[in-house]
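K.L.:
generate coordinates for the sequence data below:
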Amino acid sequence: MNLVIFIIIISIVLLSVLFQKELLHQINKNGPYRLADLILYPQYLCDKNTKYMLDKYPDSIGVKYMIERFPCIKKLTKECESILEKAQLNNSIDTKLLTNIIKTQSEYKQYSKSFSNNELVLHIRIGDVLCSPDKKWSGSKTMGQIYAKYGDDEWWDKVKNYVGSNNINTIYLVYGSHTNTCLKESYEYIATIKKKMDCNVVEVNKNTADQDLMFCINAKHFITTGGGYGLLIGELVQKNGGNFALKPERTTGTDNDNNNIHFI
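P.N.:
Here you go, the predicted structure:
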């Protein structure tokens, strides 16, 4: 019996290490690439700690989109920062422009997918929010509840009901990380989620943020636990004729309020 327990413990440890290795490849030495923050929050680039993305990720979807929308960011002068700050107050996301940039990326054919009506893409927010799932963030809700639906059995029951009522037979579980924060907690949470699902689950966890966006936008059914990245994908799915189900609240719980973001 002791040998069996030992083998189980070793297996869990090895699986956790493999999970961390799968995610660590996404962590770029150039610094985090924040795709959703670039697009949803123009003022984001005014921070001296985020300007590096313009130089480090020139061929990325986020940077290409921002240059098209705000050509002045090539120099990012004080005048340009003022333009970005004003745009932040009422930000209209040009989904036609963004979709065109996505579909003209050299990797698009490799990572895009045609989905059937019986397939669901489920995006899970992992990482830092799972290290402090009990920390209050917005009102009475915690970071884990807002972004990852951590411990929210009622919400997960809604997901299962949606799966059943729409005859979903395959779920593509999309998640990833651009930092090495909370990988163990993330592994444990993903394992818990997989146990909740009563159908075939395919994990999509080895892509960059751009590659996952390419993969998801043609989904027939899309659900996200929360966060700006999930919101961005969901809105693009909806524009492409898919169903953005269980759409989360438009506020992220941070100083950046999603209520002033419009998708046109």
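K.L.:
going forward, measure contacts between C-alpha atoms and count neighbours the same way
P.N.:
Noted.
K.L.:
which SS class is Ile223?
P.N.:
Under DSSP: H, G, I helix; E, B strand; the rest coil, Ile223 falls in the strand class.
K.L.:
nope, Gln105 is what I meant
P.N.:
What three-state DSSP gives for Gln105 is coil.
K.L.:
what sits against it?
P.N.:
Gln105 makes contact with Ile61, according to Cα atoms under 8 Å, 6 or more residues apart in numbering.
K.L.:
pLDDT value on it, please?
P.N.:
Listed pLDDT for Gln105 reads 95.
K.L.:
and Asp157, what element?
P.N.:
Assigned by DSSP states H and E, Asp157 belongs to helix 153-165.
K.L.:
any idea how far that helix is from the chain center?
P.N.:
Offset of helix 153-165 from its chain centre (Cα atoms, centre = their mean, to the nearest Å): 20 Å.
K.L.:
and stretch 176-193, by the same measure?
P.N.:
Going by Cα atoms, centre = their mean, where stretch 176-193 is centred and where its chain is centred differ by 13 Å.
K.L.:
let me see the mean pLDDT of that stretch.
P.N.:
Mean predicted confidence for stretch 176-193 is 85.
K.L.:
can you pull the buried residues of that stretch?
P.N.:
176-187, 189-190 (16 or more other Cα atoms under 10 Å).
K.L.:
which member of those residues is positioned nearest Lys78?
P.N.:
His178 (29.3 Å; Cα to Cα).
K.L.:
surely Gln238 is in a strand?
P.N.:
No: under three-state DSSP, Gln238 sits outside any strand and is assigned helix.
K.L.:
from Asn218, how far out is it?
P.N.:
Gln238 is 9 Å from Asn218, where distance means Cα to Cα, to the nearest Å.
K.L.:
which of these two has more neighbours?
P.N.:
For Gln238 versus Asn218, neighbours defined as other Cα atoms under 10 Å are more numerous around Asn218 (23 against 18).
K.L.:
distance of that one from Asp210?
P.N.:
Counting by Cα to Cα - Asn218 and Asp210 are separated by 14 Å.
K.L.:
what residues of stretch 202-215 count as buried?
P.N.:
For stretch 202-215, the neighbour count (16+ other Cα under 10 Å) marks 204-215 as buried.
K.L.:
right, I'll leave it there.
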